[in-house]
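# Sequence first, predicted model second:
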Amino acid sequence: MNELMTGFGGLMVPRFDVEEVLIAPWTRYADATVWMVLMAVLLGVPCALLGNYLMLRRMALAGDAISHSVLPGLVISYLIFRDLGTLPMMGGAMVAGLVTTVLIEFITGRSRLKTDAAMGITYTTLFALGMFLVNRYAGRVHLDADCVLFGELEYVPLAEPSGLRVGRLGAVPMPVVIAGGMAVGTVGLLMVFSRWLLVTSFDGGFARSVGIRAGAVHYGLMALLSVVVVTALESVGLLVAALLVLPGATAQFFARRMGRLHGLAVVFAVTASVAGIHLGAWLNCPSAAAIALAGGAQFAVAWGVSVWLRGRAVEGVAG
């Protein structure tokens, strides 16, 4: 049996080496691991919090739609401003995200199609447009299509250093600084507007009756989502959709109140980030994909635990 696993299964699952998988990342490769984990957490936490509101609005796929749709916005922004700096890229992403939102609502409101079909039509069309523009202007637009698709979390420690320094770790990579600013800004805005977001997520009609501009809140949320998505694209690519959905979906097995839901989603996002780095080292696969796998495994385990707990509760009542 061992020979069979080595000869066949070994091709699929490498041998688990405790030293290489669990210890070496924090000893020999600590300088790189710290920045990778920190980057994953800074992306995962705001994604988890935003994802909770998206799921309340039955728009769990909105993150996936916008992550595909921002590509033409990035390309057009570069063609206009000739600048790959943060502000032009963020601006292009926000415009593309809002255009995506408007198109989805326009299609839904003017046809018999449901939201999921409108999302599918919109993001596939805009993503195809983005890929066309990248290939058409490949000599002028310095955007890596593979990076947009898959992300390169492993490149974060090698990125341009910022002016900030942290002890013996040295200069903080610029992507980590940008992600940190995005995370602080996103969490801060969600805290300030939490009541508005909660009310409009459950009952837009009631929100309007008490003077809350539900439309403005919705578009603001989509603009914020666009900023988060474009910040995450370079590191995790289109797998940002997993960061938006999995932590909150997992937390829903154990929480109903919004505060607890947010707390558990953050815990799941952080643990999936750390576990994903080790899983990537074991499976020798991109860390972004490994983080998504870790999040999926968390969801499966949480689902099993919740089913077991419900079974125990039913047995207790019956007994």
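Cool, the structure landed. What you see is a predicted model, and the numbers here were worked out from it, not measured in a lab.
# Just checking, which helix or strand of the chain averages the lowest pLDDT?
In the chain, no helix or strand scores lower on mean pLDDT, DSSP states H and E than helix 2-4, which sits at a mean of 40.
# and residue 14, how many neighbours?
The local packing count at residue 14 equals 14, with neighbours defined by other C-beta atoms under 10 Å. Yep, even glycine has a C-beta here, placed from its N, CA and C like the rest.
# tell me the SS of it?
Each residue gets one of three states, and residue 14 gets coil by DSSP: H, G, I helix; E, B strand; the rest coil.
# Tell me how far it lies from residue 242.
Distance check for residue 14 against residue 242: by C-beta to C-beta, to the nearest Å, it reads 23 Å.
# residues near the closest residue to residue 243 other than its chain neighbours, how many?
With sequence-adjacent residues excluded and distances taken as C-beta to C-beta, 6 or more residues apart in numbering, residue 243 is closest to residue 47, at 3.8 Å. Here the number of neighbours of residue 47 (other C-beta under 10 Å) works out to 30.
# cool, the one 10 residues further on as well?
Other residues within reach of residue 57 by the criterion other C-beta under 10 Å amount to 17.
# List the contacts of it.
Under the criterion of C-beta atoms under 8 Å, 6 or more residues apart in numbering, the contact partners of residue 57 comprise 201, 218.
# For residue 191, see how far away it is.
Residue 57 sits 18 Å away from residue 191 when distances are taken as C-beta to C-beta.
# For stretch 13-26, buried residues please.
Of the residues in stretch 13-26, those with enough neighbours to count as buried (16 or more other C-beta atoms under 10 Å) are 20, 21, 24, 25.
# Closest to residue 51 out of the residues you listed?
For those, the closest approach to residue 51 (C-beta to C-beta) belongs to residue 25, at 27.0 Å.
# pLDDT score assigned to the residue lying closest to the closest one once chain neighbours are set aside?
By the measure of C-beta to C-beta, 6+ apart, the closest residue to residue 25 outside its immediate chain neighbours is residue 33, 4.3 Å from it. With respect to pLDDT, residue 33 has a value of 93.
# Run a quick check on residue 33 versus residue 22, I expect a contact.
No. Applying C-beta atoms under 8 Å as the test, residue 33 and residue 22 come out as separate, 11.3 Å apart.
# what helices or strands is the longest strand seen in the chain leaning on?
As assigned by DSSP state E, the longest strand anywhere in the chain is strand 161-166. Counting contacts by 3 or more C-beta pairs under 8 Å, 6 or more residues apart in numbering; DSSP states H and E, strand 161-166 packs against strand 170-173, helix 174-192.
# what's the spacing between residue 313 and residue 261?
Counting by C-beta to C-beta, the gap between residue 313 and residue 261 amounts to 20 Å.
# now swap in residue 22 and tell me
Where residue 261 is concerned, residue 22 sits at a distance of 31 Å (C-beta to C-beta).
# Same question for residue 55.
Relative to residue 261, residue 55 is positioned 9 Å away (C-beta to C-beta).
# what do you get for residue 158?
Separation of residue 158 from residue 261 (C-beta to C-beta) stands at 36 Å.
# Compare those two and say which one has the larger neighbour count.
Neighbours per residue (other C-beta under 10 Å) separate residue 158 from residue 261, with residue 261 holding more: 21 against 11.
# Does that one belong to a helix, a strand or coil?
helix.
# wait, isn't it in contact with residue 250?
No. Counting by C-beta under 8 Å, residue 261 sits too far from residue 250 to count as a contact (10.4 Å).
# Looks to me like residue 253 is in a helix.
No. Under the criterion used here (three-state DSSP), residue 253 is coil, not part of a helix.
# Give me the phi and psi for it.
Per-residue torsions, residue 253: phi -70, psi -20 (degrees, to the nearest 10).
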